[in-house]
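Enquirer: sharing a model that was predicted from the sequence below.
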Number of protein chains: 2
Amino acid sequence: MGKERSEKERGGGENNKRNLFVSCVVMNSCAAELKLLLTALLVICSVATLFQILPSRFTISASDLRFCISRISTSNTSFASLNSTPTMPPSPSPPSIRKDQVADNGVIKRVFNPYGSAAYNFITMGAYRGGLNTFAIIGLASKPLHVYSKPTYQCEWVPQSSSASNSTFSTVSYKMLPDWGYGHVYTVVVVNCTFSEAVNSENSGGKLFLEASTSGGGDRDFNITDRFEVLNESPGDINTTLFSSKPKYDYLYCGSSLYGGLSPQRVREWIAYHVRFFGKRSHFVIHDAGGVHEEVLEVLKPWMELGYVTLQDIKEQERFDGYYHNQFMVVNDCLHRYKFMTKWMFFFDVDEYIHVPQKKTIKSVLDSLSDYTQFTIEQMPMNNKLCLSADYGRYYRKWGFEKLVYKDVKRGIRRDRKYAIQPRNVFATGVHMSQNVAGKTTHKTEGVIRYFHYHGTVAQRREPCRNLLNVTEINFENNPYVLDTTMRDLAWSVKKFENQMIGPRLKNTRQ
Amino acid sequence: MGKERSEKERGGGENNKRNLFVSCVVMNSCAAELKLLLTALLVICSVATLFQILPSRFTISASDLRFCISRISTSNTSFASLNSTPTMPPSPSPPSIRKDQVADNGVIKRVFNPYGSAAYNFITMGAYRGGLNTFAIIGLASKPLHVYSKPTYQCEWVPQSSSASNSTFSTVSYKMLPDWGYGHVYTVVVVNCTFSEAVNSENSGGKLFLEASTSGGGDRDFNITDRFEVLNESPGDINTTLFSSKPKYDYLYCGSSLYGGLSPQRVREWIAYHVRFFGKRSHFVIHDAGGVHEEVLEVLKPWMELGYVTLQDIKEQERFDGYYHNQFMVVNDCLHRYKFMTKWMFFFDVDEYIHVPQKKTIKSVLDSLSDYTQFTIEQMPMNNKLCLSADYGRYYRKWGFEKLVYKDVKRGIRRDRKYAIQPRNVFATGVHMSQNVAGKTTHKTEGVIRYFHYHGTVAQRREPCRNLLNVTEINFENNPYVLDTTMRDLAWSVKKFENQMIGPRLKNTRQ
C-alpha cells in the first residue's frame, strides 16, 4: 500500500510541474515578465527538487524525525508571526487518507493509517576507533525494535578527498546489547564495524557513517535505513601508534551516571581516597547526569585542575528514557573512548572504596592478575548508620569511611560484585561485569582485592551516624555486624594526602 | 537543548534572509533585475514559509513519519532519474551534527544526536459515533509510550461548511488500553471523546480529528502532537434515530483475527451451526488476518450472499506488531462499528459452539439475562482426538462436533470463559470479557448457556479422530473424560438446515 501511495504522490508532483510550465508558455506577457516568471519557476523547481534528492547510497536523510520535530516545534511560533502578514500563502493540503474499500465479492478491505513517530531509530553518544580497520559506535536504539525485530547495522567509510578511493563498507558489523532487558523506550546498543582493510590509512581524513535499518520493526512494509555521520577524522588526525603503544595511564576509573542530590563531602572523601590509592598514573572519568551540582563540582575542581579527573556532562541523555540515566550507555562510551589510554579500567560507584591488603599494592595485585582480561571484586557491605561511641561529639567532623565502621557479615547472600578489565580486549561492558571480552575472567580475588560499600551515604546530605556503639559485634535490625576499622585507619593518611595535593581549600565542604 | 537548538535554527534563518535583503539593496543593478531578484526572494521565502506553517491549532502535520518514509522510499528513484538530468542542483547539505563541546571549566558537554523513527505514534483502524456528542477511535499506539509515559488524546470537530460555527474540542477525552501488557511494538488504544454538546447536529457534514500527544515519551524535550482526520461525515450522513431505535439484529458475532491454515470443513460446520442457533435476526462479522484462504472463503460465500456474514479483510494490520494479529484492536473495532446494530454482541472463537439446554432457546435465555450488560459463558472442553467406535469406517464423513464426543471433566481447573454484551453500554472490550462496561456483569450462567470447545480442530487440516472408543467414561492422557453426545445429537438438524438454506453446494468441502 505504501508503495502505491508514494508512486501516486510522485506522479502528482510531475503533473503540477507540467501544468505550471504550460500556463507559463501560453501566457502572452512581455519578455521581462516571462523572464521574471521563469526565474520564479526555476527557484520553485530547485527547491522542490532539493527536497527529493538525498546524498547517500541508501538515500536516507540522516535525521528524519528531527526534521519532523523541528517542523513541529517551530510551527506554532511561525503561525503566530504569519497571522500578521497579509501575504500569507494558502496552507498545504493534508496528506491523503486511505479509505476502507468494499471489494466486488462484498469483502470489506480495511486500511490502517499510521501517523507520527513515537521513538527514534538510533541516538548516538560516541563512535571510536578500535584499531586500523575497526570502530565501535555507542548509542541508544528503540527497545521494541530489538525485542521484536532484528534491526541491522552497517558502516560506511567515506574518504575526505574526492580524489581518494571510493567509500567502502564494513565487512563485519555486529551489535551488542549490554543492558538487555533493562531498557525502557530505548535500549543500549554497541555496534562493532570492521572493514576488510585499514581505513584512512593515508591519514588524509574521512567520515564514518552508520546505517541503521529497522528491518520492518515498526512497520513490516518498510525496512527503513537511517544513514548518519558518526565520526569525522580530519587529515592527520589519527596516530596509529596509539593502538600498540604503552597506555598513558595504568588505571582509569569509568564512573556510572551520577544523579540526584549527592553529598559534596562524601564525594570529596571518595576522590581523595582513590587518587591516593591508584596514584600518579591514574585517571577518573565522572559522568554527570545531574548529580554534579555546584558544590560537588567544587570538590572535583582541584583534581580536575591537577589532571586527575575528567568530567563528562551527560545531562542531555535524560531526554531519552533508558535504564537508570542510561548508565549502560555511559560505561560503554567510556570503555571505547579511553580504550587505548589505560592498561586497566575500573567500574564501580562513588559509594564504593577499592582496597588491597596492607602488604600489597594495587600495582602488585594487578601484576598478579595481568593474565586475565577481567576480574571481579568482592563486596564488603558497611552499615550506613552505626558509628563508634568514641566519636561522640565530633562524628560530624569525621569522614564517612572513618566513622562508619560496622561491616555486615551475614552469610549466604549473593552480593553485587564490581570489576576491572584490560580494555583492549573488551568490546562491550556492563555495570557488574562485561560479557563481551576476549581472554580470561576470574572471580577468585578474595584476599587480594575487595571493595568497601557504604550504601546510601552519597545520595543523601544528612549526617549518616544514627547509633553510637562501643562493641566489636552486634546484631542490628536482624543482621550481624562486626567492627572493621580497616578504612578508618587510613583516614588520617588520606586527609594528609589531600592537603599535600590540593591544600586546605575543601576544608569547609558540607555533607 | 532541543528548544535552544530550534531557536538557534530559527534565528539563523532570519539572519540569512536579512543578509540576502541587504546584498540585494546594495547592488546597483537595473530596476528590472532588482524586480527579478525580489520575485525570486519572495518565492523562496514563500516556499520556506510553506514548510513551516501547518493547518491546525496544534500546528502538527498529520503524518510526519509517513512523510519521512515516503521521502525515503521514493528518493532512490528520484535520484536515479535526476542523474540523467543535466540541470541537477547541488545536493542539500546533510543536517548539521551537533558536536561535543569543552566548557571553560574543562567539563566536556556531550551531545546525543537522534536519528530516524522506530515506531508510529498512532495507527488508526476505525472511528465511530457513540451518540450525538461522543465518538470512539480504535487504533494502535507505540507500547513503550504508554508503559513509560502518559500520552494524551483530544478530539477536534471541524464543520464542513466554513459558514458554520468554528471547530470545537472534546471536553472529555480518555483512553482505554484493553490489551494492557500484551502488546509488542504497539498496544491497542480505544480513545473516547465526548463534546459538551451535539456535533454536526445540523447534519451538514464535518470531520473529526484526533490529536495524539507523546507527552515527551520518545524525547522528553518534545511533546509532539500528531493531528489527523479519523472520521468524515458528509452532509446528510448521520441518522440520529439510530442511537435510540431498536437495533437491526438481536445477536451479532464479533470474531477475533483469523490466521493460519484453517480447515474449510470445520468453518463450514461452525457457521451452519450458529446461523441455525442464532436465527434470522443474527449476523456474523469475520475478521480475516490471513486465515480466510480461498477454500474458507468458499464456505463463507453462501452465507455472505444471504446477508448473514460480513467479512472484514484486516490483513494490512500485519504490518504492525501487536498481540496475536492485533485481535484486541479487532474486537474493539467490531464493538464500536456495530454498537447500534445489535441488541447482544457475542465474542468467541470459531472452534467454539454456543449451546443452551434443550428446553430453552437463545431468546428465552437472553431475555432472562437482559438486566445484565455482560454475562460470561462456561466452557465445555471437548477432546480433539477421541471418537466413537460406532463411527468406524465413516468418521471422516462426520462433522467435527458430531464425532468428537468426549468431554474433559477434570475438576479444579480454571478454564477460559467467553462472553456476550449489550454493546450500547460498553466502551471497550477484551477477548475473554470486557472491563469497560456500564451496568452489571454476571458469571452465574451455568445450566443456562455454555459453549463446547473443540480446541485445536480448526487450525489444522487433518482428520481429528485418532482413537475410537465405545465407553462412556475414560481416563486418557491422565485426564478423565465422559461421553457427551449433546452436540452430536444436533448434527443431523444442522446439516438439514444448511441444505435448506444454501443447498448442497458445500458438500465437497475438505477438512
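Expert: Thanks, I have it. Model, not experiment: these values are computed from the prediction. Residues are numbered from 1 along each chain as shown, chains lettered A, B, ... in the order given.

Enquirer: list the contacts for A:Thr124?
Expert: Taking C-beta atoms under 8 Å, 6 or more residues apart in numbering or on different chains as the criterion, A:Thr124 is in contact with A:137-139, A:210, A:228, A:230, B:112-113, B:115. To be clear about C-beta, it is placed using only N, CA and C from the backbone, and glycine gets the same treatment.

Enquirer: ok, A:Val189 next?
Expert: If you count contacts by C-beta under 8 Å, 6+ apart, A:Val189 has them with A:122, A:138-141, A:146, A:153, A:175-177.

Enquirer: same question for A:Glu498.
Expert: Residues near A:Glu498 by C-beta under 8 Å, 6+ apart: A:268, A:272, A:276, A:506.

Enquirer: I'd guess it is in a strand, am I close?
Expert: No: looking at A:Glu498 with DSSP: H, G, I helix; E, B strand; the rest coil, it is helix, so not inside a strand.

Enquirer: and it, how close does it get to A:Leu262?
Expert: With distances taken as C-beta to C-beta, to the nearest Å, A:Glu498 is found 18 Å from A:Leu262.

Enquirer: same check on A:Lys410?
Expert: On the measure of C-beta to C-beta, A:Lys410 and A:Leu262 end up 28 Å apart.

Enquirer: go on, A:Leu300?
Expert: A:Leu300 is 11 Å from A:Leu262, where distance means C-beta to C-beta.

Enquirer: shared neighbours, the two?
Expert: Counting by C-beta under 8 Å, 6+ apart, the shared contacts of A:Leu300 and A:Leu262 are A:Val292.

Enquirer: quick one: the helices in the stretch 201-350 of chain A?
Expert: In the stretch 201-350 of chain A, the segments counted as helices under DSSP state H, counting those that start in this stretch are A:264-278, A:294-305, A:327-337.

Enquirer: what is the last one packed up against?
Expert: In terms of contacts (3 or more C-beta pairs under 8 Å, 6 or more residues apart in numbering or on different chains; DSSP states H and E), helix A:327-337 is packed against strand A:122-129, strand A:134-142, strand A:186-194, strand A:249-258, strand A:282-288, strand A:342-347, strand A:426-428.

Enquirer: which secondary structure element of chain A has the lowest mean pLDDT?
Expert: Confidence across the helices and strands of chain A bottoms out at helix A:64-83, with a mean of 31, counting by mean pLDDT, DSSP states H and E.

Enquirer: quick one on the thing from earlier: redo the contacts of A:Glu498 as CSV? Include distance to chain B.
Expert: Rendered in CSV, the data for the contacts of A:Glu498 read as follows (distance: C-beta to the nearest C-beta, whole Å):
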residue, distance to chain B
A:Arg268, 17
A:Ala272, 19
A:Arg276, 22
A:Leu506, 16
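
Enquirer: which among those residues gets closest to A:Val350?
Expert: Distance from A:Val350 was checked for each of those by C-beta to C-beta. The minimum falls on A:Arg268, at 10.7 Å.

Enquirer: now the stretch 401-511 of chain A, which segments are flagged as low pLDDT?
Expert: For the stretch 401-511 of chain A, not a single residue meets the criterion pLDDT under 70.

Enquirer: how about the strands in it?
Expert: Assignment of strands within the stretch 401-511 of chain A using DSSP state E, counting those that start in this stretch yields the ranges A:406-408, A:418-421, A:426-428, A:436-437, A:440-442, A:450-453, A:467-469, A:473-476, A:479-483.

Enquirer: what strands line up against the fifth one, and which way round?
Expert: Looking back up the chat, that one is strand A:440-442. strand A:372-381 (parallel) (DSSP bridges).

Enquirer: dump the residue contacts of A:His146.
Expert: Per C-beta under 8 Å, 6+ apart, neighbours of A:His146: A:177, A:187, A:189.

Enquirer: ok, now A:Gly439?
Expert: Under the criterion of C-beta under 8 Å, 6+ apart, the neighbours of A:Gly439 are A:372-374, A:422, A:425.

Enquirer: cool, and A:Ile474?
Expert: With contact set as C-beta under 8 Å, 6+ apart, A:Ile474 has these partners: A:386, A:406, A:480-481.

Enquirer: again, only using 6 Å
Expert: When contacts are counted by C-beta atoms under 6 Å, 6 or more residues apart in numbering or on different chains, A:Ile474 touches A:Tyr481.

Enquirer: one more: the one 10 residues further on?
Expert: With C-beta under 6 Å, 6+ apart as the criterion, the residues that contact A:Asp484 are A:Lys407.

Enquirer: returning to what we had before: which of the helices and strands packed on helix A:327-337 has the lowest mean pLDDT?
Expert: Taking the mean pLDDT of each of the helices and strands packed on helix A:327-337, the lowest value is held by strand A:426-428, a mean of 91.

Enquirer: quick one: that one to chain centroid distance?
Expert: Between the centre of strand A:426-428 and the centre of its chain there are 14 Å (C-alpha atoms, centre = their mean, to the nearest Å).

Enquirer: for the residue of the stretch 151-300 of chain A found nearest chain B, which non-adjacent residue is closest in space?
Expert: Each residue of the stretch 151-300 of chain A has a distance to chain B, by C-beta to the nearest C-beta, and the smallest belongs to A:Asp226, at 3.4 Å. In space, A:Asp226 comes closest to B:Gly116 once its chain neighbours are excluded; the distance is 3.4 Å by C-beta to C-beta, 6 or more residues apart in numbering or on different chains.

Enquirer: who has more neighbours out of A:Lys410 and A:Leu262?
Expert: A:Leu262 (23 against 11; other C-beta atoms under 10 Å in any protein chain shown).

Enquirer: how about the contacts made by the closest residue to the more buried one other than its chain neighbours?
Expert: In space, A:Leu262 comes closest to A:Gly291 once its chain neighbours are excluded; the distance is 4.6 Å by C-beta to C-beta, 6+ apart. Neighbouring residues of A:Gly291 by C-beta under 6 Å, 6+ apart: A:258-260, A:262.

Enquirer: do you know how far A:Gly291 is from A:Ser256?
Expert: Distance of A:Gly291 to A:Ser256, given as C-beta to C-beta: 10 Å.

Enquirer: one more: A:Met501?
Expert: Shown here: A:Met501 relative to A:Ser256, a distance of 25 Å by C-beta to C-beta.

Enquirer: comparing the two, which residue is more hemmed in?
Expert: The neighbour comparison of A:Met501 against A:Ser256 (other C-beta under 10 Å) goes to A:Ser256, with 21 against 14.

Enquirer: could you find the closest non-adjacent residue to the more buried one?
Expert: Take A:Ser256 and drop its neighbours on the chain: the residue closest to it by C-beta to C-beta, 6+ apart is A:Gln327, 4.4 Å away.

Enquirer: do A:Ser161 as well
Expert: Nearest non-adjacent residue to A:Ser161, counting by C-beta to C-beta, 6+ apart: A:Ser204, 5.6 Å away.

Enquirer: I'd say the one you found and A:Asp237 touch.
Expert: No: when contacts are counted by C-beta atoms under 6 Å, A:Ser204 is not listed as touching A:Asp237 (9.7 Å).

Enquirer: and for those two, which residues touch both?
Expert: In the contact map built from C-beta under 6 Å, 6+ apart, no residue is linked to both A:Ser204 and A:Asp237.

Enquirer: show me what contacts the nearest residue to A:Pro159 once chain neighbours are set aside?
Expert: Distances taken as C-beta to C-beta, 6+ apart place A:Gly206 nearest to A:Pro159, at 4.3 Å, with adjacent residues excluded. A:Gly206 makes contact with A:157-160, A:200, A:233 under the criterion C-beta under 6 Å, 6+ apart.

Enquirer: run a quick neighbour tally on A:Cys465.
Expert: Taking other C-beta under 10 Å as the definition, A:Cys465 ends up with a neighbour count of 19.
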